[in-house]
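Enquirer: test case, fold it:
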Amino acid sequence: QGLFKESFSRGCRMRYESTRGGARDMSFRAVVLGGLADDGGLYVPSSVPSIDAETLKSWEGLSYPELATAIMRLFISEDEIPTGDLRQLVDRSYGTFNTPDVAPLTVLDKGNLAILELFHGPSLSFKDVALQFLGNLFEYFLSRPSKIASDPAPPVLTVVGATSGDTGSAAIYGLRGKERVSVTILHPKGRVSKVQERQMTTVLDENVHNLALDGTFDDCQDTVKALFGDADLKSRLHLGAVNSINWARILAQTVYYFWTYFRCGQVPLRFAVPTGNFGDILAGYYARRVGCPMEGLLVATNTNDILHRFFTTGEYLCNGVVATLAPAMDIQVSSNFERFLYHSVGNDGARIGAMMSEFKETGKLTLVGDELRGVQEQFRSESVNDETILECIARYREKFGYTLCPHTAVGVVAAERAWQVHASPTEPSVLTVCLATAHPAKFPEAVSQATKTPFTEAPESLKALEGKPTRVHSVANSVDAVRKYLEEASTSALKQ
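Expert: Got it, this is the predicted structure:
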């Protein structure tokens, strides 16, 4: 019997802990509803399960929902979500996608490069893979009494999130109309694409609130973290998180790494991942630890290259945010980086707490010696500027007849540089897969600028947004201003 088969028959007791050591032995339910730990840390599994060869073989041929159920089962105790319920949650989550494959694979250069299309959900971005599931998880846990008397389900979960573009619409589409859930999304005013803004602000459901904050995405993210750091507010309003600080998002994203392995015929793979907040590629890191065979993980950043600089030099130094053609990656402080750092220093919560306190004060932290070599063994990295993004979009349209979004172009260029994916005329032994994080129709201006032709590939779901009424509230770059808005929105939600 493999691990997977045993976990179904006996169940498993998966527990979670904070990266800063202040919370241990936490249930999956508490982690999902709590989002950020009370000590400011992020939740991670107390131990990462690993599968044997027999289990991996048994997953061959599974549909995407079947594979997702199998992988998630390893991280969720049977007594928290029975297998039948878990499968229903997964089916409901991915039934909203426009293809039963959920994440189809397009081969552009046989034996060299393939594109994993993660933009077939309701909001046309990879965030749907996790946020459709997370929205259903929230509703599931809120509709069922906790098995712990001291931890009852809140009357209303006040979900708060920050977005650089795609998380916002994906979160809103995943939570709109959900019972006992109110969702407030902060986006940096004037710093998301027009399409992304329309996707968010045309949703007029009473439980959805859009705030345009006068600042950068990092300001939005800092505000959200400050709100979660307010213990009184978090308790009174029952704050919940949709950003990738929520472990359930990372868990859902591990699935498509295994899915790609099976769809590619179980050949050796390496993944190029456009990333700003480090969540998408962190899911690949966990997938590899569980047992997904892969030859490499490549961190692909735009000009906001704090991650590239860290993996190159060991110095994690915060600079100012620069606006680019790939705005979802216009980030300096990558919140999920703390999870990887925690594992890199031997799961030492006290040390991570001290390191993150120092980073908050100085904007800098450093790894050297064996620890730096250890992280460099896990990831390679590249940084790509706007000029190169435009060149790549134009070249791939002309050579392959395929349109890349600006973020996906960052991943493709990074792969070309790091692994010379088109260099060999013969089929190489390792296939490179680039994660396509968004539909190009979300960034028509950048694509038109690259191809020097009008963009005409918008799906009907985006065309339908034109001319629709919108609702958005402008707020100052102030934690107090956002806190006041949440207080008022929460009072209104409780009266409904």
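Enquirer: the stretch 301-450 of the chain: helices as residue ranges?
Expert: Secondary structure of the stretch 301-450 of the chain (DSSP state H, counting those that start in this stretch): helices at 306-313, 337-344, 349-362, 369-378, 386-400, 406-419, 444-451.
Enquirer: nearest spatial neighbour of Gln221, skipping sequence neighbours?
Expert: Ala162 (4.4 Å; C-beta to C-beta, 6 or more residues apart in numbering). Where C-beta positions appear, they are placed from N, C-alpha and C, glycine not excepted.
Enquirer: give me the neighbour count for that neighbour.
Expert: A count of nearby residues for Ala162, using other C-beta atoms under 10 Å, gives 29.
Enquirer: so what sits opposite it in the bridge?
Expert: In this entry, Ala162 is beta-bridged to Leu186, by DSSP bridges.
Enquirer: returning to what we had before: right, and the helices of the stretch 301-450 of the chain - which one's nearest Asn112?
Expert: helix 406-419 (9.3 Å; C-beta to C-beta).
Enquirer: and that closest one, what does it pack against?
Expert: Packing partners of helix 406-419 (3 or more C-beta pairs under 8 Å, 6 or more residues apart in numbering; DSSP states H and E): strand 113-117, strand 269-274, strand 296-301, strand 380-383, helix 386-400, strand 431-436.
Enquirer: tell me which other helices or strands the first one touches.
Expert: Contact partners of strand 113-117 among helices and strands, from 3+ C-beta pairs under 8 Å, 6+ apart: strand 105-109, helix 406-419, strand 431-436.
Enquirer: now do the shortest one against strand 113-117, angle only.
Expert: Between strand 105-109 and strand 113-117, the angle comes out at 150 degrees (axes from the mean of the first three to the mean of the last three C-alpha atoms, to 10 degrees).
Enquirer: pull out the buried residues from strand 105-109.
Expert: 105, 108 (16 or more other C-beta atoms under 10 Å).
Enquirer: now Gly215: how far from Leu186?
Expert: 9 Å (C-beta to C-beta, to the nearest Å).
Enquirer: of these two, give the one with the bigger neighbour count.
Expert: Taking neighbours as other C-beta under 10 Å, Gly215 and Leu186 compare with Leu186 leading, 26 against 19.
Enquirer: present the helices and strands packed on strand 113-117 as TSV; the columns should include mean pLDDT and distance to Ala300.
Expert: Output for the helices and strands packed on strand 113-117, formatted as TSV (pLDDT from 0 to 100; distance: least, C-beta to C-beta, whole Å):
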stretch	mean pLDDT	distance to Ala300
strand 105-109	94	16
helix 406-419	96	4
strand 431-436	96	8
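Enquirer: what's the closest of those to Thr470?
Expert: When those are compared (using C-beta to C-beta), the closest one is helix 406-419, at 24.1 Å.
Enquirer: in contact with the residue nearest to Gln221, which residues?
Expert: 185-187, 217, 220-221, 223-224, 243 (C-beta atoms under 8 Å, 6 or more residues apart in numbering).
Enquirer: let me know the closest of those residues to Asp25.
Expert: Once C-beta to C-beta is applied, the member of the contacts of Ala162 that ends up nearest Asp25 is Asn243, at 24.1 Å.
Enquirer: I'd say the closest one and Gln221 touch.
Expert: Yes. The criterion here is C-beta atoms under 8 Å, and Asn243 meets it with Gln221 at 7.3 Å.
Enquirer: need the overlap of contacts for these two.
Expert: With C-beta under 8 Å, 6+ apart, Asn243 and Gln221 have common neighbours 162, 335.
Enquirer: on that earlier part again, single out the most deeply packed of the helices of the stretch 301-450 of the chain.
Expert: Ranked by mean neighbour count under mean count of other C-beta atoms under 10 Å, those are led by helix 406-419, which reaches a mean of 27.
Enquirer: check the offset of that one from the chain's centre.
Expert: Helix 406-419 sits 19 Å away from the centroid of its parent chain (C-alpha atoms, centre = their mean, to the nearest Å).
Enquirer: got it, and stretch 162-180?
Expert: On C-alpha atoms, centre = their mean, the centre of stretch 162-180 falls 13 Å from the chain's centre.
Enquirer: start to end distance for it?
Expert: 20 Å (C-alpha to C-alpha, to the nearest Å).
Enquirer: cool, stretch 466-483 as well?
Expert: This stretch, stretch 466-483, spans 32 Å end to end (C-alpha to C-alpha).
Enquirer: go through it and flag the buried ones.
Expert: For stretch 466-483, by 16+ other C-beta under 10 Å, it's 472, 475, 477, 479, 481-483.
Enquirer: before we move on, what about stretch 41-57?
Expert: 41-45, 49, 51, 55-56.
Enquirer: identify, from these, the entry nearest to Gly34.
Expert: Nearest member of the buried residues of stretch 41-57 to Gly34, counting by C-beta to C-beta, is Tyr43, at 7.6 Å.
Enquirer: that closest one contacts Glu17, doesn't it?
Expert: Yes. Using C-beta under 8 Å, Tyr43 is in contact with Glu17, at 7.0 Å.
Enquirer: show me whatever sits in contact with both of these two.
Expert: With C-beta under 8 Å, 6+ apart, Tyr43 and Glu17 have common neighbours 23, 26.
Enquirer: of all the buried residues of stretch 466-483, which comes closest to Leu86?
Expert: For the buried residues of stretch 466-483, the nearest to Leu86 is Val482 (34.4 Å; C-beta to C-beta).
Enquirer: for Leu211, what are its contacts?
Expert: 184-187, 472-475, 482, 485.
Enquirer: could the residues you listed be laid out in TSV, adding pLDDT and distance to Thr388?
Expert: Listed next are the contacts of Leu211 as TSV, based on pLDDT from 0 to 100; distance: C-beta to C-beta, whole Å:
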residue	pLDDT	distance to Thr388
Thr184	97	36
Ile185	97	31
Leu186	97	30
His187	97	26
Val472	97	33
His473	96	37
Ser474	97	34
Val475	97	35
Val482	97	36
Tyr485	95	40
